[in-house]
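Novice: After the sequence you'll find the predicted model.
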Amino acid sequence: MNESLLELKQKLQKYEELLAKKMKGYRGIIHESALSELRHSEVMVLRDMIRQLKEEIFKREHPTE
């Protein structure tokens, strides 16, 4: 990846804000509701993207660890 640390931090902020918006009405998966399953998938993908960004930022800030 050739992205700078600043770009990664900006992406992290963007995805954290998006996740916060998605979490406002989030109540988990409602039985037999395709829409709630889709929302759940979106939340899980955002959480994973945030986790990966945090890991990449940490690696770049602490290259020897």
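Specialist: Right, received. Where do you want to start?
Novice: Return the mean pLDDT over stretch 43-57, rounded to an integer.
Specialist: Across stretch 43-57, pLDDT averages out at 96.
Novice: in what helix or strand does I57 lie?
Specialist: Per DSSP states H and E: I57 is located in helix 34-61.
Novice: contacting residues for the nearest residue to R27 once chain neighbours are set aside?
Specialist: Using C-beta to C-beta, 6 or more residues apart in numbering and skipping residues adjacent in sequence, the residue nearest R27 is S36, 7.6 Å away. From N, CA and C alone the C-beta is placed, and that goes for glycine too. Contacts for S36 (C-beta atoms under 8 Å, 6 or more residues apart in numbering) come out as 27-30.
Novice: picking up where we left off before, list the buried residues for the helix holding I57?
Specialist: By 16 or more other C-beta atoms under 10 Å, the buried positions in helix 34-61 come out as 39-40, 46, 49-50, 53, 56.
Novice: can you put those residues in a markdown table and add distance to L5?
Specialist: Shown next, in a markdown table, are the buried residues of helix 34-61 (distance: C-beta to C-beta, whole Å):
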| residue | distance to L5 |
| --- | --- |
| R39 | 32 |
| H40 | 31 |
| L46 | 21 |
| M49 | 17 |
| I50 | 16 |
| L53 | 11 |
| E56 | 9 |
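Novice: want to throw the contacts of S36 into a markdown table with pLDDT, distance to K21 and secondary structure?
Specialist: Shown next, in a markdown table, are the contacts of S36 (pLDDT from 0 to 100; distance: C-beta to C-beta, whole Å; DSSP: H, G, I helix; E, B strand; the rest coil):
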| residue | pLDDT | distance to K21 | secondary structure |
| --- | --- | --- | --- |
| R27 | 82 | 15 | coil |
| G28 | 83 | 17 | coil |
| I29 | 85 | 19 | coil |
| I30 | 85 | 19 | coil |
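Novice: Which single one of the residues you listed is nearest to T64?
Specialist: G28 (40.7 Å; C-beta to C-beta).
Novice: State the number of residues packed around the closest one.
Specialist: Neighbours of G28 under the rule other C-beta atoms under 10 Å: 8.
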